[in-house]
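Enquirer: sequence and predicted structure, then a few things I'm wondering about:
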Amino acid sequence: MSLEGWRILTISMAAVGQTLFVLLYMTFPWYKTFLGRALFIKAATFMMLVDIAVLGRIFDWDHEDIWIVVLYGTTAFGVWAQLVAFLCQRIAHRNDDREYYRGVRSD
C-alpha cells in the first residue's frame with residue numbers, strides 16, 4: 001500500500017472512532033460541568049477535523065486547507081479549554097479536601 005493509502009486508512013480509522021465517541025458522549029449529561037463541556041468541545045472539533053480530512057481525501061475539493069486550518073484552531077481552543085477545566089476542577093477538589101480534613105465540612 002502507498003503512503004497515501006496508509007494516510008487515508010489511518011485518518012478514516014480515527015474519524016470513525018472519534019465520530020462514534022462524540023455520538024455516544026452526547027447521550028451523557030456532558031453539559032452539566034465545565035470539564036464535560038470542555039471535553040465535548042475538544043471531541044467535537046477533533047471529530048470535525050478528522051471527518052473533513054477524510055472528505056478532503058475523497059472529494060479533493062478546493063479550499064480544504066482553509067477548513068483544516070480553522071478546525072486546527074478550534075481544536076486548539078478545545079484543548080486549552082479542557083486543560084483549564086481540568087485545573088479548575090483539581091483546585092476545587094483540593095480545596096474540598098482541605099476543608100474536609102480541617103473539619104469544616106461534615107460530609
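Expert: Arrived safely, thanks for sending. Residues are numbered from 1 along each chain as shown.
Enquirer: show me where the chain has its helices.
Expert: Taking DSSP state H as the criterion, the chain carries its helices at 3-25, 34-59, 64-102.
Enquirer: any chance of these in TSV, plus mean pLDDT and mean neighbour count?
Expert: Where you see a C-beta, it was placed from the backbone N, CA and C, and this is true even at glycine. Shown next, in TSV, are the helices of the chain (pLDDT from 0 to 100; neighbours: other C-beta atoms under 10 Å):
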stretch	mean pLDDT	mean neighbour count
helix 3-25	94	13
helix 34-59	91	18
helix 64-102	85	13
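Enquirer: and H63, what are its phi and psi?
Expert: For H63, the backbone dihedrals are phi 70, psi 20 (criterion: degrees, to the nearest 10).
Enquirer: got a list of what the residue lying closest to V84 once chain neighbours are set aside touches?
Expert: Spatial nearest neighbour of V84, chain neighbours left out: A38 (7.2 Å); criterion: C-beta to C-beta, 6 or more residues apart in numbering. Residues in contact with A38 (C-beta atoms under 8 Å, 6 or more residues apart in numbering) are 78, 81-82, 84-86.
Enquirer: could you report the separation of R37 from Q89?
Expert: 12 Å (C-beta to C-beta, to the nearest Å).
Enquirer: contacts for stretch 73-89 next, please.
Expert: Outside stretch 73-89, the residues touching it (C-beta under 8 Å, 6+ apart) are 33-35, 37-39, 41-46, 48-49.
Enquirer: among the residues you listed, which one sits closest to L9?
Expert: L49 (17.0 Å; C-beta to C-beta).
Enquirer: nearest residue to the closest one in space, please, no chain neighbours.
Expert: Of all residues not flanking L49 in the chain, L71 sits nearest, at 4.2 Å (C-beta to C-beta, 6+ apart).
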